[in-house]
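Asks: give me a 3D structure for the following:
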Amino acid sequence: MLEGGQFTLDESDIKASARILSEIHSMTIGGLSSQRNFLRRQIMNPNYLNDVEKASVLEIMDHIPTKDQLCHGDLNPNNFMVSNGRHMVIDWNDLTIGNPEADLAEYILTIRHAILPSETPTRIVEQFDLIREKIIQTFLEEYTSLTGMTEKDIRPWLVIVGARKLAADAISEGEKQVLVKWIRSEILKV
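Replies: Numbers count the residues shown, from 1 in each chain. As a prediction, this is how the structure comes out:
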């Protein structure tokens, strides 16, 4: 949160966001699109990765058991809102049925690899850099305590969602280049 020109860490809002997400993920609704089909189309679309790299990412996804839980599909911090003291999630355009770990990977990658706009004051960028991992840690601790999911469960989804994010219009070219470099290093580890 930005207060008085400084980033502050509001753990209560972060934890509330994790709680609402755990509630969303506990639901199943028939008739929704398959998360894997959505991810597959997104991963194959952009030209940032070559065909072998794309196939490697899809192979990782194909080896993970499929779930049928409600998933947001574009879970970034900007899609959490508080109105009249009530926490909510907005922007449901990419709603699917699948693995909630993908939503968590989206949240992690958005915070971890975000490049703030060039006009952002240096002190704000430096403060955000100092609390990025704390935001992620606070969110995951709350979410995993409620669901029993582990960071190990989320880990393979990071590269999958990273490849999907390359098709997103909402992230900068600089962020895409950071993701490409990171994805290539992750593929080499598999």
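
Asks: how near is Leu32 to Gly98?
Replies: Leu32 is 9 Å from Gly98, where distance means C-beta to C-beta, to the nearest Å. Heads up, the C-betas are built off the backbone N, CA and C, glycines and all.

Asks: and the two? Which one has more around it.
Replies: Gly98 (22 against 14; other C-beta atoms under 10 Å).

Asks: which stretches of the chain aren't confidently modelled?
Replies: Filtered on pLDDT under 70, the chain yields the residue ranges 1-9.

Asks: not counting sequence-adjacent ones, nearest residue to Val82?
Replies: Excluding its sequence neighbours, the residue lying closest to Val82 (C-beta to C-beta, 6 or more residues apart in numbering) is Asp13, at 6.6 Å.

Asks: for the chain, just list every one of the helices.
Replies: Using DSSP state H, the helices of the chain run over residues 11-25, 35-44, 51-62, 100-112, 122-147, 151-165, 173-189.

Asks: looking at these, which is closest to Val82?
Replies: helix 11-25 (6.6 Å; C-beta to C-beta).

Asks: picking that back up, count the residues that sit near the residue nearest to Val82.
Replies: 15.

Asks: just name the most buried of the helices of the chain.
Replies: helix 100-112 (a mean of 24; mean count of other C-beta atoms under 10 Å).

Asks: just want the angle from that one to helix 35-44.
Replies: 40 degrees (axes from the mean of the first three to the mean of the last three C-alpha atoms, to 10 degrees).

Asks: show me what the nearest residue to Ile29 once chain neighbours are set aside bridges to in the sheet.
Replies: With sequence-adjacent residues excluded and distances taken as C-beta to C-beta, 6+ apart, Ile29 is closest to Leu70, at 5.7 Å. Taking DSSP bridges as the rule, Leu70 bridges to Ile97.

Asks: follow-up on the earlier one: what touches both of Leu32 and Gly98?
Replies: Overlap of the contact sets of Leu32 and Gly98 (by C-beta atoms under 8 Å, 6 or more residues apart in numbering) is empty.

Asks: surely Phe38 touches Asn99?
Replies: No: counting by C-beta atoms under 8 Å, Asn99 is not a contact partner of Phe38; they are 11.7 Å apart.

Asks: could I get the contacting residues of the spatially most central residue of the chain?
Replies: Geometric centre of the chain, nearest residue: Glu106, 0.9 Å, by C-alpha atoms, centre = their mean. Contact analysis of Glu106 by C-beta under 8 Å, 6+ apart lists His72, Gly73, Asp74, Leu75, Asn76, Val161, Lys165.

Asks: contact partners for the closest residue to Met61 other than its chain neighbours?
Replies: If the residues on either side of it in the chain are set aside, Met61 comes closest to Ile160, at 4.9 Å by C-beta to C-beta, 6+ apart. Residues near Ile160 by C-beta under 8 Å, 6+ apart: Leu39, Ile43, Val57, Ile60, Met61, Ala102, Ala105.
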